[in-house]
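A.B. asks: quick one, what's the 3D model for this:
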Amino acid sequence: MKNRDHGLTLGLIGVVIFSGSLPATRAAVAGFEPVFLTAARALLATLGAIVALVMFADNRPRRSELLSLMVVAASVVVGYPLLSGIAMTEISSARGLLFTGLLPLSTATWAVVRGGERPHPAFWLFAIAGSGLLATYALMNGGGEGVFTADSLMLVAIVVCGLGYAEGAVLSRRLGGWQVICWALVIAAPAMLAVAAFTWPAGWPSFDSSAWLGLGYIAVFSMLIGFFFWYRALAVGGSSRVGQLQLLQPLIGMGLSAALLDERVAWSLVATAIGVLGCVAGASRLGIQRASAARNVARLNGLPR
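C.D. replies: Prediction:
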């Protein structure tokens, strides 16, 4: 019980930090190209990661863990930042945040694939219902081909991010939460350095301060510090249980978008977000119950859990 409570506390801190990611990205892409922004945020975060590893690391990745670390790097260091960054050039951060309501479902689904669990069939019914709400809102509130493409990119970004969360949670049990993201950043650094050099702006431009602040936030908090809390929370509190806290991310983020970026958040957007969150909560709850039942059976039979 103590571990669960500790995991929920750490997870809540992580969710609050991540809630500012899309608003900050929206501000940053006003000055930086998305590809360069992805590389820049990763490289700035890598500097902090190297310092942390040199000073405090007590575990090194095993050879058998390198592939999993590469998956984490490809998904949360490169994939999600790049896809969401491109999407933010076409849609508001509030609209993008609607898709983050599917993150718990994406994480739980990858945990099912990763762990071989078989959730209740109603899990998938809730999943389809939530996806249907998203699709309905997108179709009824579209804005042309650019918006459709951005919506599609956000959806793929959520799938990719869920994979990184699930894979990182497994690694965190041995390496420790903060070390997972640090090693992932180090692994991605050579490729990110090459991308940054290739996409370096010609004649370093003078951007509005909001673009620099956005870059600073996503590099320091979204790309590094947030994961310190999040991966540790998933490891000690359980991916399914702690993952539910992500249901708060769209609503917190929409509040930040309205307050910091002066974006108009329509009631239809908020209502859709709440509907999606309800579907995800129902789906994930069934997944938790099924997983708990499986553990109880294993315990009774004297099997490893």
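A.B. asks: tally of neighbours for residue 258?
C.D. replies: In terms of burial, residue 258 registers 15 neighbours under the definition other C-beta atoms under 10 Å. C-beta here means a position set from N, CA and C on the backbone, and glycine is covered the same way.
A.B. asks: let me redo that: residue 174
C.D. replies: 13.
A.B. asks: next one, pLDDT for it please.
C.D. replies: Predicted confidence (pLDDT) at residue 174: the value is 81.
A.B. asks: how about residue 46?
C.D. replies: Taking residue 46 on its own, its pLDDT is 97.
A.B. asks: what does residue 283 give?
C.D. replies: 66.
A.B. asks: isn't residue 177 up against residue 242?
C.D. replies: No - assessed by C-beta atoms under 8 Å, residue 177 is found out of contact with residue 242, at 11.1 Å.
A.B. asks: these two: which has the busier surroundings?
C.D. replies: In this view residue 177 and residue 242 are compared by other C-beta under 10 Å, and residue 242 has more residues nearby, 28 against 24.
A.B. asks: contacts only, for the more buried one.
C.D. replies: With contact taken as C-beta atoms under 8 Å, 6 or more residues apart in numbering, residue 242 is in contact with 7, 8, 11, 233, 234.
A.B. asks: as JSON lines, those with pLDDT would be great.
C.D. replies: Output for the contacts of residue 242, formatted as JSON lines (pLDDT from 0 to 100):
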{"residue": "7", "pLDDT": "78"}
{"residue": "8", "pLDDT": "79"}
{"residue": "11", "pLDDT": "85"}
{"residue": "233", "pLDDT": "83"}
{"residue": "234", "pLDDT": "75"}
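A.B. asks: and the closest residue to residue 15 other than its chain neighbours, how far from residue 103?
C.D. replies: Nearest residue to residue 15 in three dimensions, chain neighbours excluded: residue 245, at 4.8 Å (C-beta to C-beta, 6 or more residues apart in numbering). Counting by C-beta to C-beta, to the nearest Å, the gap from residue 245 to residue 103 is 10 Å.
A.B. asks: what's the answer for residue 21, then?
C.D. replies: In terms of C-beta to C-beta, residue 21 sits 11 Å off from residue 103.
A.B. asks: which residues touch residue 182?
C.D. replies: By C-beta under 8 Å, 6+ apart, the neighbours of residue 182 are 49, 50, 52, 53, 57, 224.
A.B. asks: can you check residue 277 too?
C.D. replies: Shown in contact with residue 277 (C-beta under 8 Å, 6+ apart): 101, 247, 250, 251.
A.B. asks: mind doing that once more with 7 Å?
C.D. replies: Applying C-beta atoms under 7 Å, 6 or more residues apart in numbering to residue 277 gives the contacts 101, 247.
A.B. asks: element containing the closest residue to residue 141 other than its chain neighbours?
C.D. replies: Among residues not flanking residue 141 along the chain, residue 268 sits closest, at 6.9 Å (C-beta to C-beta, 6+ apart). In the assignment (DSSP states H and E), residue 268 maps to helix 267-301.
A.B. asks: residue 194 versus the residue nearest to the spatial centre of the chain, what's the distance?
C.D. replies: Nearest to the mean C-alpha position of the chain, counting by C-alpha atoms, centre = their mean, stands residue 161 at 4.8 Å. Noted for residue 161: a distance of 23 Å to residue 194, by C-beta to C-beta.
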